[in-house]
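> What would the 3D arrangement of this be:
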Amino acid sequence: MQKEELLHLHMLLVQVKKYYESVNNEEIVTEKYDQLNISPVHIHKNKICHKEAILTLGEELVGYIQNGHAPSVEYTSGTVSEEVAVEN
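Down below sits the predicted model:
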């Protein structure tokens, strides 16, 4: 994965965190990520640092969701189309 792609993914995960915080009006604690002292705008940091930040932030976000803090989303059969497009 290119450094630019890692930076983009890093920014996306930060935006996911901010979105969940705005929806729940509750801060998601990301102690391990915060200790890394790296953000997506730190373009001078190397790929390894951003990769570690992505994995750490992702792990903490998933942990938050698994602990039941995030609202669950239920899907009904009406939300997914049963039709399949077939190319001839």
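
> Contacts for the helix or strand harbouring residue 23 next, please.
Per DSSP states H and E: residue 23 is located in helix 3-24. Outside helix 3-24, the residues that touch it by C-beta atoms under 8 Å, 6 or more residues apart in numbering are 1, 27-28, 30, 39-40, 43, 46-47, 50-51, 53-54, 57-58, 61, 64, 69-71. Just so you know, the C-beta spots here come from the backbone N, C-alpha and C atoms, and that holds for glycine as well.

> what's the following helix or strand after that helix?
By DSSP H and E, the next helix or strand past helix 3-24 is helix 31-35.

> what separates that next one from the chain centre, distance-wise?
Taking C-alpha atoms, centre = their mean, to the nearest Å, one finds helix 31-35 lying 15 Å from the centre of the chain it belongs to.

> Next, the buried residues of that helix.
residue 33 (16 or more other C-beta atoms under 10 Å).

> on contacts alone, who are the packing partners of the helix or strand following that helix?
Heading C-terminal from helix 31-35, the first helix or strand you meet, by DSSP H and E, is helix 47-66. Applying 3 or more C-beta pairs under 8 Å, 6 or more residues apart in numbering; DSSP states H and E, one finds that helix 47-66 makes contact with helix 3-24, helix 31-35.

> any idea of the mean pLDDT in the last one?
Mean pLDDT, helix 31-35: 97.

> From the contact counts, what lies against it?
Helices and strands touching helix 31-35, by 3+ C-beta pairs under 8 Å, 6+ apart, are helix 47-66.

> Also compute the angle for the helix it packs on relative to helix 3-24, please.
Going by axes from the mean of the first three to the mean of the last three C-alpha atoms, to 10 degrees, helix 47-66 is angled at 20 degrees with respect to helix 3-24.

> All set, thanks.
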